[in-house]
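Novice: just need the structure, nothing else, for what follows:
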Amino acid sequence: MSWFEGFESRAHDVDGARLFARTGGRADGPPVLLLHGFPQTHVMWHRVAQVLAPRWRLVLPDLRGYGDSSKPPSQTGHVQQSKRVMAADVVALMKSLGHERFHVVGHDRGARVAHRLALDAPEVVDRLVLIDIAPTLDMYDATDRRFATHYYHWFHLIQPAPLPERMVGADPTLYLHRKLGGWGGAGDLDHIEHAALAEYERCFTDPETIRAACEDYRASAGIDLDHDRASRAAGERIAAQTLLAWGARGVVGRLFDPVALWQAQCARPLVAHPLEAGHFLAEERPAETAALIERFLQSGD
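Specialist: Modelled structure (predicted):
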């Protein structure tokens, strides 16, 4: 199948950011927002989108700071890369496309944006899918040697600029490949389509993307934790019916109890399902991931 055949690609100006996005699928289908993670772009969803397109209206943006979306200047407190701001971006994008209520599917950093979106704008979220994460606050609070070893980038990228930017930028392709092949994967890149890998390389080797990614992680270790603590203190919980999927060989499932941690954050019973994969479920197991998402979005309460 041709690369994103039938999808429209363009930039959208939303609340001070410019988000690049592809839109496609069934024109009158229920809208589904698909959010990518680090160190990727929206193209991680390519094979999943092929399965979902006949039934659903799909919106696949590059999050601010990633891909071909804008990279806002760094600010004190890293507010410009907070998950609250990133969530507001994609809500504005969806509303600009005429979608007042929609399903949200997020992987990795995109799932953290989706979590904040579900808390800040529950009225727009129909169903929520979180892929291979535990709550940010719980992961930081439970940090031990094993977690820090596997997720060392959580602690490296938050160091003051420009140290991590220059270290990653010294050989960004090597860094990118190591990340894409790790976290419970086979260590190689066989699960990634050649066209997708070329896009990741093109985008991640941009020094501005590296800077923005560091700002994303700095926000997660600071202002995002403040927002999460405030939400918990206020008793806020995810109102939408939620599906949690994770890789049985990945770090999250081995070092945490993601079902218990997410159930504590949900107001309704959680639907949970592991897949035989590492971290990158949508590319390691695209057919199974797409089928799991579709069954959940179609199912009744």
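Novice: now the element after the helix or strand hosting M86, going C-ward?
Specialist: For M86, the element it lies in under DSSP states H and E is helix 83-96. Sequence-wise, the next helix or strand downstream of helix 83-96 (DSSP H and E) is strand 102-107.
Novice: residues making contact with that following strand?
Specialist: Residues outside strand 102-107 that contact it (C-beta atoms under 8 Å, 6 or more residues apart in numbering): 30-37, 44, 56, 59, 94, 112-115, 117-118, 124-132, 240, 280-282, 293, 297. Yep, even glycine has a C-beta here, placed from its N, CA and C like the rest.
Novice: what is the helix holding M86 packed up against?
Specialist: Helix 83-96 sits against strand 8-14, strand 17-25, strand 31-35, strand 57-61, helix 109-120, helix 223-233, with contacts defined as 3 or more C-beta pairs under 8 Å, 6 or more residues apart in numbering; DSSP states H and E.
Novice: among the contacts of strand 102-107, name the buried ones.
Specialist: If you count burial by 16 or more other C-beta atoms under 10 Å, the buried members of these come out as 30-37, 44, 56, 59, 94, 112-115, 117-118, 124-125, 127-132, 240, 280-282, 293, 297.
Novice: ok, residues contacting the helix or strand where M167 lies?
Specialist: Using DSSP H and E, M167 sits in helix 163-169. Residues outside helix 163-169 that contact it (C-beta under 8 Å, 6+ apart): H156, L157, I158, Y175, P207, I210, R211, C214.
Novice: got a ChimeraX select line for the buried ones in the residues you listed?
Specialist: Remark: buried members of those, expressed as a ChimeraX selection using 16+ other C-beta under 10 Å:
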select :157,158,175,210,211,214
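Novice: right, and L119 touches A234 too?
Specialist: No - shown here, L119 and A234 do not form a contact pair, counting by C-beta atoms under 8 Å, at 9.5 Å.
Novice: so how far is G253 from L261?
Specialist: 11 Å (C-beta to C-beta, to the nearest Å).
Novice: next: Y151.
Specialist: From Y151 to G253 the distance is 13 Å (C-beta to C-beta).
Novice: who has more neighbours, those two?
Specialist: G253 (21 against 16; other C-beta atoms under 10 Å).
Novice: name the nearest residue to the more buried one, ignoring sequence neighbours.
Specialist: W246 (4.7 Å; C-beta to C-beta, 6 or more residues apart in numbering).
Novice: confirm the one you found sits in a helix?
Specialist: No - assigned with DSSP: H, G, I helix; E, B strand; the rest coil, W246 falls outside any helix and is strand.
Novice: partners of it in the sheet?
Specialist: Counting by DSSP bridges, W246 is bridged to P274.
Novice: what sits against it?
Specialist: I131, D132, I133, V252, G253, P258, P274, L275, L281 are the contacts of W246 under C-beta under 8 Å, 6+ apart.
Novice: what helix or strand is A260 on?
Specialist: Per DSSP H and E: helix 258-263 holds A260.
Novice: name the residues of that helix that are buried.
Specialist: Buried residues in helix 258-263, defined by neighbour count with 16+ other C-beta under 10 Å: P258, V259, L261, W262, Q263.
Novice: about what we covered before: closest one to H99 among the helices and strands packed on helix 83-96?
Specialist: strand 31-35 (4.2 Å; C-beta to C-beta).
Novice: elements contacting the closest one?
Specialist: Against strand 31-35 (3+ C-beta pairs under 8 Å, 6+ apart) you get helix 46-52, strand 57-61, helix 83-96, strand 102-107, helix 109-120.
Novice: quick check: neighbours of the shortest one in the sheet, parallel or antiparallel?
Specialist: Okay, so that is strand 57-61. Partners of strand 57-61 in the sheet, by DSSP bridges, are strand 17-25 (antiparallel), strand 31-35 (parallel).
Novice: so which of those strands is nearest R229?
Specialist: strand 31-35 (22.9 Å).
Novice: identify all contacting residues around that closest one.
Specialist: Contacts for strand 31-35 (C-beta under 8 Å, 6+ apart): 25, 42, 45, 48-49, 52, 56-61, 63, 90, 94, 97, 99, 101-107, 109-111, 113-114, 297.
Novice: list buried residues within those residues.
Specialist: Neighbour-count burial (16+ other C-beta under 10 Å) is assigned, among the contacts of strand 31-35, to 25, 42, 45, 48-49, 52, 56-61, 63, 90, 94, 99, 102-107, 109-111, 113-114, 297.
Novice: for the residue most central in space within the chain, give me the pLDDT.
Specialist: The centre of the chain sits closest to G110, judged by C-alpha atoms, centre = their mean, with a distance of 1.7 Å. Predicted confidence (pLDDT) for G110: 98.
Novice: skip the chain neighbours and tell me the closest residue to it.
Specialist: L35 (2.9 Å).
Novice: identify the bridge partners of the one you found.
Specialist: G106.
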